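K.L.:
Structure, please.
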Amino acid sequence: MLHYRSLFKSAGIVSLLVFTASLIAQTIHIDTASPVNTINPRDSVGAGVDRIPVDAIDHDLTKEALPPVLESGWQPVTYRQNTDLAVEAWHWNPEGTWSDPSGRQGYFIGSNTSSGFIRHSFGYALPHRGVTRNDGTGNVGFSRITDGDENTYWKSNPYLSSRFTGEDDSLHPQWVILDLSREELVDSLKISWADPYATDYVLQYWTGLDPIHIPTRGSWVTFPHGVVTAAHGGMATHMLSDLPVRLRFVRIWMTKSSNTCDTHGSADPRNCVGYAIKELYLGTMSKDGAFHDLLRHTPDQEQTATFSSSIDPWHTADSPVNTKEAQVGFDLFYQSGVTRGLPAMMPVALLYETPDNAAAEIRYLENHKYPISYIEIGEEADGQYMLPEDYGALYLQFATALRGVDPNLKLGGPSFQGVNDDIEVWPDADGRTSWLGRFLLYLRQHNRMRDLQFLSFEHYPYEPCHITWASLYDEAELIHHIVDIWHNDGLPASVPFFITESNLSSSTSETYEDIFSGLWLADYIGSFLSNGGSGVYYFHYLPLQLEHGCNDSAGTFGMFTVHPDFSINQPLAQFFVAQLINHEWLQSEGANQIFPASSDITDDAGHTLVTAYADHRPDGQWSIMLVNKDQDNSHRVRLEFSGVHAHFTGTVEESVFGRMQYHWASPQRDFNAHMPESRNNVQELYQGGKADPDGPIVRKQISSEEEIALPAASVVVLRGNF
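P.N.:
Just a heads-up that it's a prediction; the model follows:
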């Protein structure tokens, strides 16, 4: 087995650089009049640790495995919370207590006084689930609303009822949507209600293409007989209209609860609020009164799909648990060395959790004196289709509970999905469709804006499996665009904003191993910090095995390829560019001032081929990171510090990493018409491609009088004085 230090070639082994440079040098302008941002990388340029295979946790978080990871230079760590995406309740501590006297079911609260070492923690599947699939669970679990079993039921989150929000239930309507997958003629709906049931509700159909992913291009229309009041539960049969309606999506919009108790009894008030449905049946009624159901009722992903507004976090000790993957245990996380001893951004689960469990988590961390920088509340509520007012109501309840533990905590969220445009939802009564705008409005209406001390969002800019070289030209503008959107939605300029998780796309591919990924990373980090970003976290920090990615290629979110035992095989392009960013461009500690920099090097289609990012470091040096996204041509440039019309003087430190230092060679694959599932195993995926050469970064001193040669497809960092 190779020791990791043998993987990084010495700086003396350098490939000959051959340039097809343009004859006339072009000018990169750095405006020194005023910085656009000031950051301390020790606080704000880091990486994320997520739920990963148990074997990876046990190997990666060791003193033997961490050194090459830390050499990337990322500093603070954000702990990513995954059970909200997986529709699970998070047992952040395996030890704890249940709300039910039986001690085996109910609402779980982790122990904040246990003395055992927490190495792994797991998520427990929710038995009252109401969603077939969402943006976190595309192939796991199923809804209880169309599972064919009237002994199971969906139930909404009790914390969204008036008992906990202090608001009328009509202000937090709960809903269920049926998706028939294609348009069908429908005139009848049967609802098998559980307790508590809706006494007032509205039955509607959608006029557009997709109410979940395109919520503003269409509208919900109430059926002619779709308004229901003073209902009594049980099996409710509804003739929706006199004539069948052609539709694909049906929504049940619930505004008043019976407040009767579910099957878990009346001892816990959470059992007696909200809404619960056993099963839905949708179709047509013939003249003889026979009902003809169109739905597929199966306990799997092939059932007729349903979506729900929220889910009750009630579960049992016997609820299914995925033991192959785990959240890193808090004690291992803080004691392994991965945090570098720095305060970490820590999460609390929100969508499928309780405020009490979140408060217990923070007590545990503080009891153990583990340093916390920020608390991120919830994970991708937008991808779980939660309306902003519902997230707002939960956010405030959790914020109150957390402040009861420590009033000095810095709270924020909502960890949006990696979107490039405003997140839109069905219009409210005033026609507002912006998710963030309505969430901020909810906080203001409750005089609680002080409880949002940062905004967090993720960045996965490219559509999975549709990345071309031209995609690379979009990155700088995508970052600028989304920052503008958040501020236009009403985010105060005083509220810091963080990208807490990021990479090229939500699905891996061999693009992640190519030099493309390194160029993107430099452009992304430089652009975000140049647009006022307060903190940014690379994802994923720890070495992981290749996984089955786009177009049947093997990919990884990490900076390395690894052997089947998780030992490092090779560093990838993003590892070397991370070193350029963290060791050459930024100074690791102190106030780095980011200044505007611009280039007019374009192709005939108007693509900006070279982007520039300027840092005035604490040591007084100026550091300029230049990204040449032209994959075929080098460019010659000069730097001009336009505020003082000056140039570098003396010698300049130059660091270069590009196609001449790194090349990814894809493996040859045989055609198979029906690839068995074993194709996904580690041994098969390990037979992936190879980087040759795989570095190193070329570092040398040049004269400030020289024109700068930017090799094709490269990142160049220049550091000096003027």
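K.L.:
can you give me the strands in the stretch 101-250 of the chain?
P.N.:
105-106, 108-110, 120-125, 154-155, 174-186, 188-193, 198-206, 220-228, 235-239, 245-257 (DSSP state E, counting those that start in this stretch).
K.L.:
What degree of burial does the nearest residue to L160 once chain neighbours are set aside show, as a neighbour count?
P.N.:
Counting by Cβ to Cβ, 6 or more residues apart in numbering, the nearest residue to L160 once its immediate chain neighbours are dropped is H172, at 4.8 Å. No exception for glycine: its C-beta is placed from N, CA and C like everyone else's. Here the number of neighbours of H172 (other Cβ atoms under 10 Å) works out to 26.
K.L.:
surely H172 meets D390?
P.N.:
Yes: judged on Cβ atoms under 8 Å, H172 makes contact with D390 at a distance of 5.7 Å.
K.L.:
okay, and the common contacts of the two?
P.N.:
L160 (Cβ atoms under 8 Å, 6 or more residues apart in numbering).
K.L.:
So the residue nearest to L160 versus E380, what's the distance?
P.N.:
20 Å (Cβ to Cβ, to the nearest Å).
K.L.:
In the stretch 601-722 of the chain, where is pLDDT below threshold?
P.N.:
Residue ranges of the stretch 601-722 of the chain with pLDDT under 70: 643-645, 669-687.
K.L.:
got the residue ranges for the strands in it?
P.N.:
With DSSP E, counting those that start in this stretch as the criterion, the stretch 601-722 of the chain has strands spanning 610-616, 622-628, 635-641, 649-658, 662-665, 690-694, 698-703, 708-710, 714-721.
K.L.:
In CSV: those strands, plus mean neighbour count and distance to P68.
P.N.:
Converted to CSV, these look like this (neighbours: other Cβ atoms under 10 Å; distance: least, Cβ to Cβ, whole Å):
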stretch, mean neighbour count, distance to P68
strand 610-616, 24, 25
strand 622-628, 25, 23
strand 635-641, 20, 33
strand 649-658, 19, 17
strand 662-665, 19, 16
strand 690-694, 16, 13
strand 698-703, 14, 19
strand 708-710, 22, 28
strand 714-721, 24, 20
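K.L.:
Just send the ones you listed back as TSV, with distance to D100 too.
P.N.:
TSV is the format used below for the strands of the stretch 601-722 of the chain (distance: least, Cβ to Cβ, whole Å):
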stretch	distance to D100
strand 610-616	56
strand 622-628	57
strand 635-641	68
strand 649-658	58
strand 662-665	54
strand 690-694	54
strand 698-703	63
strand 708-710	65
strand 714-721	57
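K.L.:
Out of the ones you listed, which gets nearest to H120?
P.N.:
strand 690-694 (32.0 Å; Cβ to Cβ).
K.L.:
helices or strands up against the closest one?
P.N.:
When contacts are defined as 3 or more Cβ pairs under 8 Å, 6 or more residues apart in numbering; DSSP states H and E, strand 690-694 packs onto strand 568-571, strand 662-665.
K.L.:
That one pairs with which strands, parallel or anti?
P.N.:
strand 662-665 (antiparallel) (DSSP bridges).
K.L.:
residues in contact with the nearest residue to S162 once chain neighbours are set aside?
P.N.:
Spatial nearest neighbour of S162, excluding adjacent residues (Cβ to Cβ, 6+ apart): D169 at 5.1 Å. Going by Cβ under 8 Å, 6+ apart, D169 touches S161, S162, T255, K256, S257.
K.L.:
Double-check that A578 belongs to a helix.
P.N.:
Yes: applying DSSP: H, G, I helix; E, B strand; the rest coil, one finds A578 inside a helix.
K.L.:
Quick check: pLDDT value at it.
P.N.:
A578 is assigned 98 on the pLDDT scale.
K.L.:
State the helix or strand in which E389 lies.
P.N.:
helix 388-405 (DSSP states H and E).
K.L.:
What residues sit buried inside that helix?
P.N.:
For helix 388-405, burial by neighbour count (16 or more other Cβ atoms under 10 Å) applies to 388-399, 401-402, 405.
K.L.:
cool, stretch 553-565 as well?
P.N.:
So for stretch 553-565, counting by 16+ other Cβ under 10 Å, buried means S553, A554, G555, T556, F557, G558, M559, F560, T561, V562.
K.L.:
State the number of residues packed around the residue lying closest to the fifth one once chain neighbours are set aside.
P.N.:
Read that as F557. Closest residue in space to F557, ignoring its immediate chain neighbours: H540 at 4.2 Å, by Cβ to Cβ, 6+ apart. When counting by other Cβ under 10 Å, one arrives at 20 neighbours for H540.
K.L.:
contacting residues around H540?
P.N.:
Counted by Cβ under 8 Å, 6+ apart, H540 has contacts A47, G48, V49, D50, I52, N503, F557, G558.
K.L.:
And the pLDDT at it?
P.N.:
In this model, H540 carries a pLDDT of 92.
K.L.:
And it, how far from L160?
P.N.:
Counting by Cβ to Cβ, the gap from H540 to L160 is 33 Å.
K.L.:
what do you get for P320?
P.N.:
25 Å.
K.L.:
ok so, going back, what angle do strand 174-186 and the helix holding E389 make with each other?
P.N.:
Interaxial angle of helix 388-405 relative to strand 174-186 (axes from the mean of the first three to the mean of the last three Cα atoms, to 10 degrees): 160 degrees.
K.L.:
and stretch 184-193, how far apart are its ends?
P.N.:
With Cα to Cα, to the nearest Å applied, stretch 184-193 spans 24 Å between its terminal residues.
K.L.:
buried stuff in it?
P.N.:
V186, D187, S188, L189, K190, I191, S192, W193.
K.L.:
From the chain's centroid, how far away is that stretch?
P.N.:
From the chain centre to the centre of stretch 184-193 is a distance of 36 Å (Cα atoms, centre = their mean, to the nearest Å).
K.L.:
where in the chain is pLDDT low?
P.N.:
If you take pLDDT under 70 as the line, the chain has these spans: 1-23, 643-645, 669-687.
K.L.:
mind redoing it with 50?
P.N.:
Within the chain, the segments meeting pLDDT under 50 span 1-22.
K.L.:
quick one, helices of it?
P.N.:
41-44, 54-60, 66-70, 162-165, 330-335, 355-367, 388-405, 435-445, 475-488, 515-530, 573-579, 682-686 (DSSP state H).
K.L.:
which one of those lies closest to F117?
P.N.:
Here helix 330-335 is closest among the helices of the chain (Cβ to Cβ), at 4.8 Å.
K.L.:
Let's have the strands of the stretch 101-250 of the chain in CSV, adding distance to T306.
P.N.:
As requested, the strands of the stretch 101-250 of the chain are exported to CSV (distance: least, Cβ to Cβ, whole Å):
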stretch, distance to T306
strand 105-106, 24
strand 108-110, 25
strand 120-125, 16
strand 154-155, 8
strand 174-186, 6
strand 188-193, 12
strand 198-206, 14
strand 220-228, 16
strand 235-239, 17
strand 245-257, 10
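K.L.:
Pick the most buried one from these.
P.N.:
strand 154-155 (a mean of 30; mean count of other Cβ atoms under 10 Å).
K.L.:
Packing partners of that strand?
P.N.:
By 3+ Cβ pairs under 8 Å, 6+ apart, strand 154-155 packs against strand 276-285.
K.L.:
Return the residues in contact with the nearest residue to N151 once chain neighbours are set aside.
P.N.:
In this structure, N151 finds its nearest non-sequential neighbour in K278, 7.8 Å apart by Cβ to Cβ, 6+ apart. Contacts here follow Cβ under 8 Å, 6+ apart; on that basis K278 touches R144, I145, E150, N151, T152, Y153, S192, W193, A194.
K.L.:
What values do phi and psi take at the fifth one?
P.N.:
Backbone torsions of T152, given as degrees, to the nearest 10, read phi -110, psi 160.
K.L.:
wait, which of the strands of the stretch 101-250 of the chain is closest to D421?
P.N.:
strand 198-206 (21.2 Å).
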